[in-house]
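Novice: what follows is a predicted structure for the sequence shown.
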Amino acid sequence: MKTLLRLMIYVRPSAGWVFIAVTIMILATIIDLVAPWILREIFDEGIDKRNMAVVLWLTLSLAGIQALKSAGMFVQGYTQELVGQNVVFLLRKELYSHLQRLSFSYYDRAQTGQLMSRMTGDIEAVKNFVGFGAMNLFTGMLTFLGTIIFMMTMQWKVTLISLITIPFILFVLWRFNHKVGPAWSNIREQMGRLTTTLQENIAGIRVVKSFATEKVEQRKFAERNEQNFETNMERAKLEAKAFPLMGFYGGLTFVLMIWIGAIFVARGEMSLGTFMAFQWYTWGIIWPLNMLGWQINIMQQAVKAAPRVFEVLDTPLDIVSPAGGTETAGMKGNVVFDRVTFHFADQDAEKDQPILNDVSFRVKQGEVIGVLGATGSGKSSLIGLLSRFYDVTGGCVWIDGVDVRDYELDGLRSSIGIVPQETFLFSASIRDNIAFGYPEATQEQIENAARKSQIHSFIESMPNGYDTRIGERGVGLSGGQRQRVALARAILMDPPILVLDEATASVDTATESAIHEALLEVMKGRTTFIIAQRLSSIQHADRIIVLERGRLTEQGTHKELNEGNGFFRQLFDKQKQIAHE
Ligand SMILES: Nc1ncnc2c1ncn2[C@@H]1O[C@H](COP(=O)(O)OP(=O)(O)OP(=O)(O)O)[C@@H](O)[C@H]1O
């Protein structure tokens with residue numbers, strides 16, 4: 001009930017259309033109720049009294065109101081769909097906008113396939129009910145009650161006796177409703193899992209193929225597909241049992257009506273016209289009940305699908321822009337990490353080892369900082385805190401003396417240009433990919449950024465130059481080329497803070513060296529963090545900080561660290577030894 005009430009919020013903007021559809025439905029129902037009554041008059045006042053003029057006029061009026069009803073049904077069908085589509089439109093818009101604002105922590109746990117199935121199948125199920133189902137449910141109930149009232153006023157005894165089967169039909173409906181709900185719940189959930197399997201398989205098809213696990217993947221998909229097939233067949237069995245039974249009781253009502261009606265006509269307690277009208281009215285009782293089975297089906301689908309959509313909508317936004325957040329215009333890039341401790345949301349802050357533990361350091365505007373550490377030591381997490389991908393668990397991160405949590409969020413993120421470890425390129429032209437964060441950029445600006453990241457001449461050599469379209473994973477580009485496109489994307493933003501997270505890890509040493517030469521110019525005046533595992537990547541760093549298991553263990557210049565005997569010195573010796581071998 002709560003779900004249905006909540007859905008009403010999305011129907012409210014279409015209230016005008018709902019009013020039109022419902023008014024037409026009420027008029028159509030009245031026509032359905034009046035038509036058998038006219039039939040009775042044709043018999044009793046026309047045929048019985050041999051008055052052909054009455055027959056003619058009443059038949060013509062019957063034809064007239066039926067034509068009117070058909071025209072009304074056209075408008076009603078259209079408005080019904082319009083209301084449903086409006087609800088889908090609003091829900092999708094709200095869901096998409098919420099998905100845009102959900103934090104990294106949410107996406108760390110979320111399954112893409114589940115989200116896709118909520119965005120498509122689940123919302124579609126809601127539409128079917130809101131547009132078609134709910135309104136037909138309303139018409140059905142109106143027709144059912146109206147028919148009984150009309151019949152009672154004509155011959156209440158025959159009506160009451162013939163309706164003896166109704167409780168049986170209602171019982172079958174109640175049981176069906178009770179059982180089909182959980183079946184739909186399973187089906188919606190299974191569809192989510194099926195889509196997840198499909199999405200993961202397609203996204204990871206290169207891994208699947210390189211490990212030759214197509215058959216295993218096929219089996220996994222087949223298992224889930226089969227589960228879904230079986231649950232659907234269980235549901236079909238429920239329908240196959242309930243609907244014929246309801247049809248049988250409906251037929252029985254019809255037969256009873258004829259039999260009891262005939263007795264009352266023979267006794268002179270019912271006119272032949274009323275008898276004929278009752279045959280027509282019987283359909284007004286049977287079809288709404290039979291339709292009710294389908295409507296319940298549609299309603300249960302929506303009732304089970306809508307909470308899956310609402311669950312996403314109700315996920316709180318844990319990282320939001322503060323009201324009246326500090327503007328970032330004119331940001332210089334003085335960064336301070338002050339006793340920063342960090343746990344991921346799914347960690348136990350009491351028991352689990354923090355990802356970053358009491359980390360403090362200062363970076364002045366324009367400084368180039370190398371962040372060095374073994375894999376998993378917390379380097380990317382450190383940078384994530386700067387851009388508020390996550391918020392600190394303890395301590396504070398300051399930029400220009402302002403806590404990052406007090407900055408206007410979009411401004412903060414646009415002020416920090418990040419070249420991540422894994423680049424995502426959109427299925428668009430290379431130009432659009434570079435200008436992703438700054439769509440208004442001129443061709444000259446784009447080319448400049450591409451030159452600085454050593455990718456311009458390669459783009460120029462492609463058949464369509466900057467207009468060359470690339471796949472969603474940047475297919476057609478090598479790992480190093482993808483990284484350089486991402487680098488150009490960050491440079492184009494002209495941010496006061498630049499972060500290169502293993503940004504040159506996929507390029508050869510000569511290109512890395514060329515990129516770093518070019519970056520010398522780019523980094524001028526900008527605070528730059530270079531995250532790296534090899535020393536060649538941080539040769540231009542003014543200062544280096546070393547992370548070990550979330551703790552800052554060393555910091556200083558190349559020279560200072562080389563004089564020590566810590567991680568830096570060991571790495572230096574190791575890499576020197578490898579170079580000699
Ligand atoms: N979303 C997450 N939830 C829980 N733990 C995570 C999550 N992401 C990373 N971790 C853990 O946090 C630790 C630090 O990860 P982080 O990515 O910051 O390391 P890193 O130093 O950048 O490593 P690499 O050099 O391999 O990229 C790792 O032990 C990792 O397992």
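Specialist: Now that the structure is in, tell me what you want to look at. Fair warning: this is a prediction, and the values are worked out from it, not measured in the lab. Residues are numbered from 1 along each chain as shown.
Novice: and what about residue 370, helix, strand or coil?
Specialist: In three-state terms, and counting by DSSP: H, G, I helix; E, B strand; the rest coil, residue 370 is strand.
Novice: please tell me I have it right and it contacts residue 534.
Specialist: No. Look at residue 370 against residue 534 with Cβ atoms under 8 Å: they stay out of range, at 10.6 Å. Yep, even glycine has a C-beta here, placed from its N, CA and C like the rest.
Novice: the two - which one has more neighbours?
Specialist: Set side by side, residue 370 and residue 534 show unequal neighbour counts under other Cβ atoms under 10 Å, the larger going to residue 370 at 26 against 16.
Novice: what's the more buried one in contact with, if anything?
Specialist: With contact set as Cβ atoms under 8 Å, 6 or more residues apart in numbering, residue 370 has these partners: 530, 532, 537-538, 541, 543-545.
Novice: skipping its backbone neighbours, what lies nearest residue 290 in space?
Specialist: Closest residue to residue 290 apart from its sequence neighbours, by Cβ to Cβ, 6 or more residues apart in numbering: residue 246 at 5.6 Å.
Novice: that neighbour reaches residue 289, doesn't it?
Specialist: Yes. Taking contact to mean Cβ under 8 Å, the distance of 6.3 Å between residue 246 and residue 289 places them in contact.
Novice: overlap in contacts, the two.
Specialist: Overlap between the neighbourhoods of residue 246 and residue 289 consists of 169, 173, taking contacts as Cβ under 8 Å, 6+ apart.
Novice: which one of the contacts of residue 370 is nearest to the ligand?
Specialist: Within the set of the contacts of residue 370, residue 532 lies nearest the ligand; the separation is 8.8 Å, counting by Cβ to the nearest ligand atom.
Novice: what about the closest one, distance to residue 111?
Specialist: The span separating residue 532 from residue 111 equals 32 Å under the rule Cβ to Cβ, to the nearest Å.
Novice: same question, residue 119
Specialist: 13 Å.
Novice: ditto for residue 188
Specialist: Relative to residue 111, residue 188 is positioned 14 Å away (Cβ to Cβ).
Novice: tell me which of those two has more neighbours.
Specialist: More neighbours sit around residue 188 than around the other of residue 188 and residue 111, counting by other Cβ under 10 Å; the figures are 22 against 16.
Novice: hmm, that one is touching residue 125, no?
Specialist: Yes. In terms of Cβ under 8 Å, residue 188 counts as a neighbour of residue 125; the distance is 7.2 Å.
Novice: between these two, which contacts overlap?
Specialist: Overlap between the contact sets of residue 188 and residue 125, as judged by Cβ under 8 Å, 6+ apart, is given by 301, 304-305.
Novice: now these in TSV, with secondary structure, neighbour count and pLDDT?
Specialist: TSV is the format used below for those (DSSP: H, G, I helix; E, B strand; the rest coil; neighbours: other Cβ atoms under 10 Å; pLDDT from 0 to 100):
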residue	secondary structure	neighbour count	pLDDT
301	helix	26	86
304	helix	22	87
305	helix	27	89
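Novice: closest to residue 364 among these?
Specialist: Closest approach to residue 364 among the shared contacts of residue 188 and residue 125 (Cβ to Cβ): residue 305, at 54.5 Å.
Novice: number of residues surrounding residue 157?
Specialist: Residue neighbour count, defined by other Cβ under 10 Å, stands at 12 for residue 157.
Novice: same check on residue 323?
Specialist: Here the number of neighbours of residue 323 (other Cβ under 10 Å) works out to 6.
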